[in-house]
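J.: here is my input; please provide its structure:
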Amino acid sequence: GAKGQLYYDWAGKPLRLLGTVVDLTQSKQAEAERLQQVQRERAIALIAQQVHQSLDLERVLQTTVEEVRQFLDTDRAIVFRLHSDGGGTVVAESVGPDWRSILASQIYDPCLASSYLEPYRQGLVTAKTDILLTQFQIRANLVVPILHENQCWGLLIVHHCGAPRLWQPLEIDLLQQLAQQVSIAIRQAELYQQAQHELQERKRTEAILRESEERFRQLLRGECFMSVLPTNGCGA
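T.: Numbers count the residues shown, from 1 in each chain. Take a look at the predicted model:
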């Protein structure tokens with residue numbers, strides 16, 4: 001695009017143009033990047049708020065995958081809970097209407113345990129731009145580990161199903177930050193469950209003590225009653 005002023009001579013013929021040329025392509029790209037940054041910060045703030053306000057881990061996981069799929073404008077986002085044998089379960093999912101749900105699927109990949117588990121524990125991020133996994137309708141995926149107590153608790157995964165996709169650094173950064181928030185939520189949920197367990201144990205102990213005290217009082221009342229009963233002498 002151009003902005004300027006055209007100058008004419010006495011006969012009306014154009015002499016010169018003074019002005020500036022604006023590269024609309026760069027301007028539009030910069031605006032799109034600013035908008036994406038705002039949306040990214042909103043998604044992170046929303047998940048962080050959920051983590052601090054809710055002890056419901058399932059709710060936090062579901063909100064996370066919904067925000068991820070919306071922000072990345074992709075086809076499927078899941079949380080994959082790892083098992084000790086290298087397999088795992090899809091415990092949260094947001095999926096587009098054109099694609100198959102894999103929620104609650106039990107998946108075992110021998111390569112995961114042998115080749116990827118330790119790198120994931122160390123923070124490995126994998127971004128595959130052009131693959132074909134027909135079983136799950138995947139053409140590209142982005143995988144970020146969810147770490148907890150120095151172990152890989154699970155994976156935050158994004159699937160692009162319709163076509164290959166080149167993942168951008170901003171998208172990878174978003175997933176990493178959200179995985180950190182999920183890790184905090186896991187820790188909080190564990191502490192809450194531990195506190196609830198200790199509370200139940202305390203209540204059970206108190207109930208046992210009350211029952212013991214009641215039995216002891218009944219025993220004392222029985223002894224006092226026996227002590228006042230008349231006794232039959234044998235005669236002198």
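
J.: tell me which stretches of this protein form helices.
T.: Secondary structure of the chain (DSSP state H): helices at 24-53, 57-72, 110-111, 117-121, 169-227.

J.: which parts of the first one are buried?
T.: It refers to helix 24-53. By 16 or more other C-beta atoms under 10 Å, the buried positions in helix 24-53 come out as 39-40, 43-44, 46-48, 50-51. From N, CA and C alone the C-beta is placed, and that goes for glycine too.

J.: now that helix, how far from the centre of its chain.
T.: Centroid displacement of helix 24-53 relative to its chain, using C-alpha atoms, centre = their mean, to the nearest Å, is 18 Å.

J.: circling back to that earlier point, check the helices of the chain for me and report the most buried one.
T.: Each of the helices of the chain was scored by mean neighbour count; the highest is helix 57-72, a mean of 20, by mean count of other C-beta atoms under 10 Å.

J.: what does it contact?
T.: Helix 57-72 is contacted from outside by 39-40, 43, 46-47, 50-51, 54, 74-79, 91-96, 156, 158, 171, 174-175, 178, 181-182, 185-186, 189, using C-beta atoms under 8 Å, 6 or more residues apart in numbering.

J.: repeat that for 7 Å
T.: By C-beta atoms under 7 Å, 6 or more residues apart in numbering, the surrounding residues in contact with helix 57-72 are 39-40, 43, 46-47, 50-51, 54, 76-79, 91-94, 158, 171, 174-175, 178, 182, 185-186, 189.

J.: again, but for stretch 114-123
T.: Defining contact as C-beta under 7 Å, 6+ apart, one finds that stretch 114-123 is touched by 86, 145, 151-152.

J.: neighbour count added to these, as CSV?
T.: Formatted as CSV, the contacts of stretch 114-123 follow (neighbours: other C-beta atoms under 10 Å):
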residue, neighbour count
Gly86, 16
Pro145, 26
Gln151, 14
Cys152, 20
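
J.: among the residues you listed, give me the pair with the biggest separation.
T.: Gly86 and Pro145 (14.0 Å; C-beta to C-beta).

J.: between the helices of the chain, which one is closest to Gln135.
T.: helix 110-111 (14.8 Å).

J.: returning to that earlier point: save the helices of the chain as a markdown table, and put in mean pLDDT and distance to Lys128 too.
T.: What follows is these, written out as a markdown table (pLDDT from 0 to 100; distance: least, C-beta to C-beta, whole Å):
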| stretch | mean pLDDT | distance to Lys128 |
| --- | --- | --- |
| helix 24-53 | 81 | 22 |
| helix 57-72 | 92 | 15 |
| helix 110-111 | 82 | 13 |
| helix 117-121 | 92 | 14 |
| helix 169-227 | 83 | 12 |
